[in-house]
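Asker: requesting a structural model of the entry that follows:
(one chain, ligands or ions: 1)
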Amino acid sequence: MTAQALTEASTSKFVRIQDGELDLNIHYNDCGDGAETVVMLHGSGPGASGWANFNRNIEPLVAAGYRVILMDCPGWSKSDSIVCTGSRSDLNARVLKGLVDALDLDRVHILGNSMGGHSAVAFALANPERVGKLVLMGGGTGGMSPFVPMPSEGIKLLQGLYREPTIENLKKMMNIFVYDTSDLTEELFQARLDNMLNRRDHLENFVKSLDANPKQFPDFSPRLGEIKAKTLVIWGRNDRFVPMDTGLRLIAGIANSELHVFNGCGHWAQWEHADKFNRMVLDFLTH
Ligand SMILES: O=C(O)CCC(=O)/C=C/C=C(\O)C(=O)O
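Answerer: Below you'll find the model as predicted:
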């Protein structure tokens, strides 16, 4: 498949993951056919999906010869819905293990945004032999910040949007989500709202999950030293969702890691600074 031919519809696939009490139909996009695979894991905002989070990053990686898999976590997009009362990071990691087993992939690089970063770290802790390199943007572990009151202003707006999914609340959240809001078109807002409202079960289950367990993303700080994978941590200097000092905790814990901070960048580095981000990731994966 050529990079130009990639669309959400033409790459859309499903897999059934059965593991203990889990029995879930999981949606993913399968792009390119390179020998090395990069899995991309999206964030936890309402209406998020692999395609929505990474649409500016897929083609450059496919063109460079990677197979790119976008997994929609349980509770998002076309994947089955779920109420999660424990660690959502570990739940996503279990589902990803099911997916890489089903696709017969021995080892994958994982690129995770926010919740996707938390889930990538959970996967690396549980399955170290299955991980090539890690790229963590605006996430990697939950936990408190010594500098920013938690939940952060962005996370409060995100949770408010789950409880009251209106276009006004969506705009309030998106307007502090990215640093430069000029790329946030009415079309983008509408597409995101449609994604959200198409799956009210996801919205309701997220709220039930939060009510049952407000700490969906545990603090992995004490275990970060176990991660041997080469890791690139990327943050936005102006991130108002997951504070930048989380990135410092990650590089303090993961020995083989480095941190890049984008100036003029909110919580969506891979979208806000896509060209430089893509070059940086390709360089990191190749060397
Ligand atoms: O609460 C956390 O630590 C994670 C928050 C998070 O995952 C937010 C992500 C939002 C998006 O990536 C999105 O809406 O696209």
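Asker: how about the residues of this structure by the ligand?
Answerer: Residues of the chain that fall close to the ligand, judged by C-beta under 6 Å from any ligand atom: 43-45, 48, 53, 113-115, 139, 142, 155, 158, 217, 241-242. For the C-beta atoms, the positions are set from N, CA and C on the backbone; glycine is no exception.
Asker: 5 Å instead, please
Answerer: Counting by C-beta under 5 Å from any ligand atom, the chain comes close to the ligand at 43-45, 48, 114-115, 217, 242.
Asker: of those, which belong to strands?
Answerer: Among the residues of the chain next to the ligand, no member falls in strands (DSSP state E).
Asker: redo these as CSV? Include distance to residue 163 and pLDDT.
Answerer: Output for these, formatted as CSV (distance: C-beta to C-beta, whole Å; pLDDT from 0 to 100):
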residue, distance to residue 163, pLDDT
43, 18, 98
44, 14, 98
45, 14, 97
48, 16, 96
114, 19, 98
115, 18, 98
217, 18, 98
242, 20, 98
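Asker: got a quick PyMOL command for the buried subset of the residues you listed?
Answerer: Selecting only the buried entries of these in PyMOL, with 16 or more other C-beta atoms under 10 Å as the criterion:
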select buried, resi 43+44+45+48+114+115+217+242
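Asker: now, which of the residues of the chain next to the ligand sits nearest residue 6?
Answerer: Lowest distance from residue 6 to the residues of the chain next to the ligand (C-beta to C-beta) belongs to residue 48, with 19.2 Å.
Asker: the closest one reaches residue 41, doesn't it?
Answerer: No - Residue 48 is beyond contact range of residue 41, at 10.3 Å (criterion: C-beta atoms under 8 Å).
Asker: tell me where the stretch 51-200 of the chain has strands.
Answerer: Counting by DSSP state E, counting those that start in this stretch, the stretch 51-200 of the chain has strands at residues 66-71, 108-113, 131-137.
Asker: partners of the second one, with directions?
Answerer: The partner list of strand 108-113 in its sheet, established with DSSP bridges, is strand 36-41 (parallel), strand 131-137 (parallel).
Asker: so can I have JSON lines of those showing mean pLDDT?
Answerer: As requested, the strands paired with strand 108-113 are arranged in JSON lines below (pLDDT from 0 to 100):
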{"stretch": "strand 36-41", "mean pLDDT": "98"}
{"stretch": "strand 131-137", "mean pLDDT": "98"}
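Asker: mean neighbour count and distance to residue 267 added to these, as CSV?
Answerer: Formatted as CSV, the strands paired with strand 108-113 follow (neighbours: other C-beta atoms under 10 Å; distance: least, C-beta to C-beta, whole Å):
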stretch, mean neighbour count, distance to residue 267
strand 36-41, 25, 15
strand 131-137, 25, 9
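Asker: out of the ones you listed, nearest to residue 178?
Answerer: That would be, of these and by C-beta to C-beta, strand 131-137, which comes in at 12.9 Å.
Asker: so, low pLDDT: which residues of this protein?
Answerer: Filtered on pLDDT under 70, the chain yields the residue ranges 1-4.
Asker: can you check which helix is longest in it?
Answerer: helix 88-102 (DSSP state H).
Asker: direction-wise, compare it with strand 108-113 and give the angle.
Answerer: For helix 88-102 against strand 108-113, the angle by axes from the mean of the first three to the mean of the last three C-alpha atoms, to 10 degrees is 150 degrees.
Asker: what packs against helix 88-102?
Answerer: strand 12-19, strand 22-31, strand 36-41, strand 66-71, helix 115-126 (3 or more C-beta pairs under 8 Å, 6 or more residues apart in numbering; DSSP states H and E).
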